[in-house]
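**Student:** Need coordinates for the below:
(one chain, ligands or ions: 1)
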Amino acid sequence: MQADGFEDPHEDALKYMTRYALPYKYNPNDAQYGLSDDDYALYTRYYDSAAEVVALLQDQGAMTWTYGRNFGPHFDQVQIDYIEEYEENVPKTHHTLHPALEDGNPGGGGDMIGGCTAWAEANGIGVHVNHRVDQVILNSAGEVIGVEVVVTDPAAAAATPATDATAEASPVASTQTLSIRARKGVIFGTGGFSRNADMMRHLMPSPYYGGCGAPTNEGDLLRISAALGAKLGNLHNVWRNEGIFEQAVADTGAYNCAWFLSGDSFFIVNKHGKRFVNEKRNYQDRPMAHQDWDPNFGDGTSRLGFVIYDQRVQDSWGGAFPWLADPTTAPYIISGNTIEELAAAIEERVESLLDVTGNVHLHVDFAGNLAAEVEKFNEYARTGLDLDFSRGSLQYDLTIPFGPSNPDSP
Ligand SMILES: Cc1cc2nc3c(=O)[nH]c(=O)nc-3n(C[C@H](O)[C@H](O)[C@H](O)COP(=O)(O)OP(=O)(O)OC[C@H]3O[C@@H](n4cnc5c(N)ncnc54)[C@H](O)[C@@H]3O)c2cc1C
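**Tutor:** This next block holds a predicted model:
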């Protein structure tokens with residue numbers, strides 16, 4: 001951004017981060033925007049160091065950066081931010097960076113890891129996969145001086161090239177547990193705990209059906225650091241995403257996130273058959289709408305959403321998940337020739353899933369409300385105004401989702 005002459009003022013950036021992350025604390029008139037001293041120091045450090053780290057990786061030759069882009073027909077545009085409409089978001093683009101591919105186009109996470117791995121190998125830093133840190137080792141003064149590592153797959157670990165002195169000295173192939181002394185300190189980067197069902201159920205505010213982080217992210221650091229008496233915090237502020245319910249309950253490991261919902265003639269309803277969200281919002285804000293609560297019935301009304309789409313979406317966007325190229329291959333796709341038929345088929349399916357939904361039944365008004373929503377949605381499509389959720393009124397809604405996968409479709 002700096003090289004391209006884009007200003008990203010400290011005050012606006014911190015206000016944006018505070019308002020988005022902690023809206024209930026945000027106070028634009030406060031010197032620290034409502035943040036505690038600790039949080040203000042943390043956010044400031046992030047702002048101050050992010051550019052340094054990005055520049056360091058590029059200067060060292062581990063990565064060349066490029067801006068993220070919008071998708072489909074908007075791929076020539078620099079990616080727009082989440083919640084771009086906040087006045088505190090200045091500028092509204094150019095914050096998203098990707099590793100650049102050889103052709104200059106943005107790459108993904110694998111390219112980023114590839115660049116770092118190549119740099120590490122070229123500079124004598126060992127990378128040891130299948131080495132799971134089980135605990136830290138303390139000296140008599142209570143200082144961390146190393147880690148105890150369980151080699152989870154000795155054969156694979158032995159095949160991993162050892163490029164640093166510590167690993168050469170370690171009898172990797174002949175033992176299951178290693179003690180590794182730290183030269184200076186121990187830094188963990190062990191991800192979250194989305195693959196630890198027990199922690200997820202006890203630490204998350206909403207139901208857990210699986211996750212799409214690394215399968216080895218089982219929250220080991222929480223266990224290790226809790227044993228050391230470290231202060232834990234912000235565990236609830238999880239990055240949630242929507243997935244296909246029946247796919248997740250069949251196999252949590254197969255959980256597949258639904259990112260950008262492309263297409264136009266579709267919407268999502270709850271068990272009342274009513275829309276509850278702007279379906280075009282980004283994949284981390286949109287799922288928050290599932291966490292509503294109906295105090296009359298003591299349950300989340302929109303815990304489960306039913307995605308209603310038509311043949312046009314199938315023909316034009318089939319193959320852009322969650323739309324499948326061939327919907328007959330997936331048992332979770334429910335079809336009907338009329339709204340009434342579809343509603344009846346959904347009800348039958350929901351009744352067959354009572355054991356895993358927490359006894360969710362469709363409300364008696366589901367079919368009637370669904371028909372009314374279709375009427376209303378069609379009217380909104382004709383006028384171009386979604387009077388319920390303002391879908392399409394925000395720039396993100398229009399530029400991020402993919403264009404039709406079949407360009408010949410109407
Ligand atoms: C499907 C998906 C798509 C995403 N897309 C984007 C995107 O487009 N842009 C973006 O900015 N972010 C994206 N994210 C988020 C981003 O990938 C994560 O925020 C980021 O990877 C977290 O990095 P991390 O190093 O903290 O943890 P991770 O990348 O999760 O790495 C943690 C590592 O620690 C290892 N580990 C766990 N326990 C131990 C142990 N005891 N001992 C040794 N190793 C251990 C794990 O095996 C894993 O390799 C995406 C995430 C997902 C799941």
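**Student:** can you tell me how far the residue nearest to residue 252 when sequence neighbours are not counted sits from residue 249?
**Tutor:** In space, not counting the residues next to it along the chain, residue 252 is nearest to residue 210; the distance is 3.5 Å by Cβ to Cβ, 6 or more residues apart in numbering. To be clear about C-beta, it is placed using only N, CA and C from the backbone, and glycine gets the same treatment. Residue 210 sits 8 Å away from residue 249, going by Cβ to Cβ, to the nearest Å.
**Student:** Same drill for those two, tell me which one is more crowded.
**Tutor:** residue 210 (21 against 15; other Cβ atoms under 10 Å).
**Student:** Tell me which residues touch that one, please.
**Tutor:** Counting by Cβ atoms under 8 Å, 6 or more residues apart in numbering, residue 210 makes contact with 243, 248, 252, 253, 254, 255.
**Student:** Work out for me the element it sits within.
**Tutor:** For residue 210, there is no helix or strand it lies in under DSSP states H and E.
**Student:** Next one: it from the ligand, what distance?
**Tutor:** Per Cβ to the nearest ligand atom, to the nearest Å, residue 210 is found 11 Å from the ligand.
**Student:** do the same with residue 266
**Tutor:** Taking Cβ to the nearest ligand atom, one finds residue 266 at 22 Å from the ligand.
**Student:** Likewise for residue 3?
**Tutor:** 20 Å.
**Student:** Going by secondary structure, that residue is in what exactly?
**Tutor:** Counting by DSSP H and E, residue 3 is part of no helix or strand.
**Student:** Return the per-residue confidence for residue 398.
**Tutor:** Looking at residue 398, its pLDDT stands at 84.
**Student:** Roughly how far does it sit from residue 286?
**Tutor:** The value you get for residue 398 to residue 286, if Cβ to Cβ is used, is 15 Å.
**Student:** how far away is whatever residue of the stretch 1-150 of the chain ends up closest to the ligand from residue 145?
**Tutor:** Closest contact between the stretch 1-150 of the chain and the ligand, by Cβ to the nearest ligand atom, is at residue 133 (3.7 Å). Distance from residue 133 to residue 145, counting by Cβ to Cβ: 14 Å.
**Student:** same deal with residue 308?
**Tutor:** Taking Cβ to Cβ, one finds residue 308 at 59 Å from residue 145.
**Student:** cool, and residue 328?
**Tutor:** 60 Å.
**Student:** neighbour-wise, which of those two wins?
**Tutor:** With neighbours defined as other Cβ under 10 Å, residue 328 and residue 145 compare such that residue 145 has more, 16 against 8.
**Student:** Just confirm the more buried one is within a strand.
**Tutor:** Yes - assessed by DSSP: H, G, I helix; E, B strand; the rest coil, residue 145 belongs to a strand.
**Student:** Could you pull up the residues touching it?
**Tutor:** Residue 145 touches 137, 138, 139, 181, 182, counting by Cβ under 8 Å, 6+ apart.
**Student:** How about the residue in the chain positioned nearest to the ligand, nearest residue that isn't a chain neighbour?
**Tutor:** Across the chain, the shortest distance to the ligand (Cβ to the nearest ligand atom) belongs to residue 191, at 2.7 Å. Spatial nearest neighbour of residue 191, chain neighbours left out: residue 217 (3.9 Å); criterion: Cβ to Cβ, 6+ apart.
**Student:** do the same with residue 266
**Tutor:** Using Cβ to Cβ, 6+ apart, the nearest residue to residue 266 is residue 309, at 3.6 Å.
**Student:** Residue 246 too?
**Tutor:** residue 332 is the one closest to residue 246 (Cβ to Cβ, 6+ apart), at 4.0 Å.
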